[in-house]
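J.: fold the following and give me the result.
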Amino acid sequence: MSHGKQFTLYSHYGGPNGWKVAHVLDELKLTYETVYLKFDKQEQKGPEFTKLNPNGRIPALVDHHNNDFVIWESDAIILYVADKYDKEKRISAANEAEKYQIIQWLFFQASGQGPYYGQFFWFFKYHPEKFPSAIDRYKDEILRIFGVLENVLSKQQWLVGNKMTIADLSFVVWNFAAVGAIKDYKGEFDLEKEFPRMAAWHAKLEALPSVKKAIDARTALVKQQ
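T.: Modelled structure (predicted):
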């Protein structure tokens with residue numbers, strides 16, 4: 001079976017994790033087609049998708065240039081893509097030490113940023129009952145993680161080495177969503193005032209054509225729903 005694009009990305013129009021993968025694919029100028037699963041129809045739990053990802057969560061990526069190799073979990077996907085296709089090491093490690101530092105940040109993103117931010121969104125926006133203690137707990141975790149990033153970025157321009165890598169790209173879409181949600185919750189939130197180094201780093205990432213493309217596409221898709 002022939003494919004016009006190198007990859008098929010299974011994603012969701014609103015879910016941040018699929019867009020993380022899109023950032024990396026676009027940054028490396030790799031061609032892909034996105035299939036947006038309909039969560040209201042539970043397509044992510046259906047047999048067609050769980051053949052690809054038994055966990056029934058987005059994203060999953062199929063590499064048609066590698067015998068239709070399938071990989072899921074967003075940070076595992078971007079590690080795979082960078083390792084295999086970033087031949088010039090534009091956004092991946094230049095040496096072994098940097099490789100493990102990138103993996104360190106991807107673990108932190110996957111175990112800290114994503115789950116805490118996701119729980120905040122759930123309890124603040126979607127849970128049928130309001131639990132202020134839960135909302136405040138996860139709001140405080142968002143601010144704590146902002147603080148971790150602020151501390152590191154006060155000493156260096158990027159998370160690893162002296163260039164942007166997939167470690168930086170893994171954070172941007174969740175931070176983009178979180179800043180807006182914190183503003184909605186608190187009524188007022190000045191990221192540049194409270195976390196100036198993190199805000200400057202985030203602004204540089206948002207300005208990248210690869211990231212801007214995804215943000216614009218996501219915004220348009222959300223408006224269509």
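J.: quick one, helices of this protein?
T.: 16-27, 47-50, 74-85, 96-108, 114-121, 132-153, 166-186, 191-194, 196-207, 209-224 (DSSP state H).
J.: deepest of the ones you listed, which one?
T.: helix 16-27 (a mean of 24; mean count of other C-beta atoms under 10 Å). Quick note: C-beta positions are derived from backbone N, CA and C, even for glycine.
J.: any idea how far the closest residue in space to K45 that isn't next to it in sequence lies from V222?
T.: With sequence-adjacent residues excluded and distances taken as C-beta to C-beta, 6 or more residues apart in numbering, K45 is closest to G56, at 4.5 Å. G56 sits 22 Å away from V222, going by C-beta to C-beta, to the nearest Å.
J.: quick one, grab the pLDDT at R90.
T.: pLDDT recorded at R90 is 96.
J.: export the helix or strand of the chain with the lowest mean pLDDT to CSV, keeping only CA atoms.
T.: Lowest by mean pLDDT, DSSP states H and E among the helices and strands of the chain is helix 209-224, with a mean of 86. What follows is helix 209-224, C-alpha atoms only, in CSV (Å, rounded to 0.1, in the frame of the first residue of the first chain):
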residue,chain,number,x,y,z
PRO,A,209,6.8,28.8,12.1
SER,A,210,6.3,25.1,13.0
VAL,A,211,4.6,25.9,16.3
LYS,A,212,2.6,28.8,15.0
LYS,A,213,1.3,26.6,12.2
ALA,A,214,0.0,24.1,14.8
ILE,A,215,-1.5,26.7,17.1
ASP,A,216,-3.3,28.3,14.1
ALA,A,217,-4.6,24.9,12.9
ARG,A,218,-5.7,23.9,16.4
THR,A,219,-7.5,27.2,16.9
ALA,A,220,-9.3,26.8,13.6
LEU,A,221,-10.3,23.3,14.4
VAL,A,222,-11.6,24.2,17.9
LYS,A,223,-13.8,26.9,16.4
GLN,A,224,-15.3,24.4,14.0
